[in-house]
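Asks: this one's structure only:
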């Protein structure tokens, strides 16, 4: 089983203390950071755009993931690449030409990821799997932080892990939604190796450093 990697989501961060909180998460062992880009159309919330990615680029040298929960993501790929995203994630459900979107991201010199909502079958990845650097399994319905983990997504994680082991073992398998001390171990055992966590990092009573450390420890209990 691969070592877990924590990707704190700044959706739950205190934006007035963003750099301080990012640095604390880094001290705890954060591997990367995710910026949730929401447009209020594809999901019922509006969050960040390319300027936030540019600000995060100044705040950390860690890899940045731009998770595009927006309609027409292809219109904005160049902008997010210029802002400093290292990996750009598009939702299979939002792009008509998934292969074209992945190729565009690669041509920009960035890593490419595809996200699947809870009810989207993993078969949607069948013909693009070898081209991906990351598969993101949503373990809640996208749009808001702090939601409860959807248990049936564990079986999808197992199936995608088997697909990747057979065809693209170097690809990361990331999960996003409801990741906390009580759920991270099960998702790690199912085959995920990257864990997006917002509330459980930036809402941790002992601070982001302790939040990240706690998740890393919980993921590896009894291993």
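Replies: Structure received. Everything quoted here is computed from the prediction, not taken from an experiment. Numbering: from 1, shown residues only.

Asks: Residues in contact with the longest helix belonging to the chain: which ones?
Replies: Criterion DSSP state H: the longest helix present in the chain is helix 153-167. Defining contact as Cβ atoms under 8 Å, 6 or more residues apart in numbering, one finds that helix 153-167 is touched by 116, 118, 121-122, 125, 129-130, 135, 137-139, 171, 173, 175, 186-187, 190-192. Glycine gets a C-beta too; all of them are placed from N, C-alpha and C.

Asks: ok, now stretch 68-80?
Replies: Residues from elsewhere that reach stretch 68-80, judged by Cβ under 8 Å, 6+ apart: 36-39, 41-43, 50, 53, 66, 88-91, 94-95, 97, 100-101, 104-105, 108, 115, 142-143.

Asks: Now for residue 131: which residues touch it?
Replies: Here residue 131 is in contact with 99, 102, 103, 106, 112 (criterion: Cβ under 8 Å, 6+ apart).

Asks: how about the helices of the protein, start to end?
Replies: Counting by DSSP H, the helices of the chain are 18-28, 50-59, 77-83, 98-107, 153-167, 184-190, 199-202, 208-219.

Asks: where in this structure is pLDDT low?
Replies: For the chain, the stretches flagged by pLDDT under 70 are 222-223.

Asks: spatially speaking, which residue is in the middle of it?
Replies: The chain has residue 196 as the residue nearest its centroid, 5.1 Å off, counting by Cα atoms, centre = their mean.

Asks: Kindly state the beta-bridge partners for the spatially closest residue to that one that is not a sequence neighbour.
Replies: Closest residue in space to residue 196, ignoring its immediate chain neighbours: residue 176 at 3.8 Å, by Cβ to Cβ, 6 or more residues apart in numbering. When assigned by DSSP bridges, residue 176 has beta-bridge partners residue 138, residue 196.
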